[in-house]
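S.K.: next come a sequence and a model predicted from it.
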Amino acid sequence: MKLTKKLLLLQFSVMLIFIFSACNYESGVMKTLPKYSSCEKYSYGARDFVDYHKYYYVNNNDISESIKSNDNFQKVTNENTDSIKNCIEYFSGRINNSTDDMRNNYDFLENQINVDDYFCFISKDKSNPLNNFNLYYFDKETQISYYFHSDV
């Protein structure tokens, strides 16, 4: 009986550590940027899941300069806008099957993509990059950094 209680206490402790560490976790890419003023985070799914985050940089003049000199980001060009749009279109399709909360708060529009912005695309599946990807998109006009994650 005592052993069972100890095991349950240990499991509960480990679970709490995972919960609290996940709440404060920021990806390596986000850690290379200045501190944001606020953020919104939405997630859906367990095994196959999507994440949509918005990081606001209100009155932060450093963010544009930081993104320009950040090795993780590249400038959006006319040549890569179609690839970014395809990724966003795929992600938007996955959002359609998510929770009301995520669908109602997903507000990224393809017409926001322009050559003044910056992005970082990371895929874990080289044969099909949209199977498991992270897309960070910095909209220079609104000073918002968007994070899209899809894991199939």
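M.R.: Thanks, I have it. Numbers count the residues shown, from 1 in each chain.
S.K.: any idea whether L33 is helix, strand or coil?
M.R.: Three-state assignment for L33 (DSSP: H, G, I helix; E, B strand; the rest coil): coil.
S.K.: now do the contacts for it.
M.R.: Y55, I63, S66, I67, N70, S145 (CB atoms under 8 Å, 6 or more residues apart in numbering). Yep, even glycine has a C-beta here, placed from its N, CA and C like the rest.
S.K.: distance of it from N72?
M.R.: Note on L33: its distance to N72, by CB to CB, to the nearest Å, is 9 Å.
S.K.: now F121
M.R.: Distance, F121 to N72, using CB to CB: 10 Å.
S.K.: which neighbours do the two share?
M.R.: With CB under 8 Å, 6+ apart as the test, F121 and N72 both reach Y136.
S.K.: quick check: T32 touching N70?
M.R.: Yes - the pair T32 / N70 is scored as a contact, 5.6 Å apart, by CB atoms under 8 Å.
S.K.: out of the helices and strands in this protein, which is least certain?
M.R.: helix 2-24 (a mean of 44; mean pLDDT, DSSP states H and E).
S.K.: the helices in this protein, which residues?
M.R.: For the chain, applying DSSP state H gives helices covering 2-24, 28-31, 62-68, 81-95, 100-105.
S.K.: got the contact list for Y52?
M.R.: Per CB under 8 Å, 6+ apart, neighbours of Y52: 41-43, 91, 95, 102, 105-106, 108, 146-149.
S.K.: same thing but 6 Å
M.R.: Contacts here follow CB atoms under 6 Å, 6 or more residues apart in numbering; on that basis Y52 touches Y42, Y106.
S.K.: all set now, cheers.
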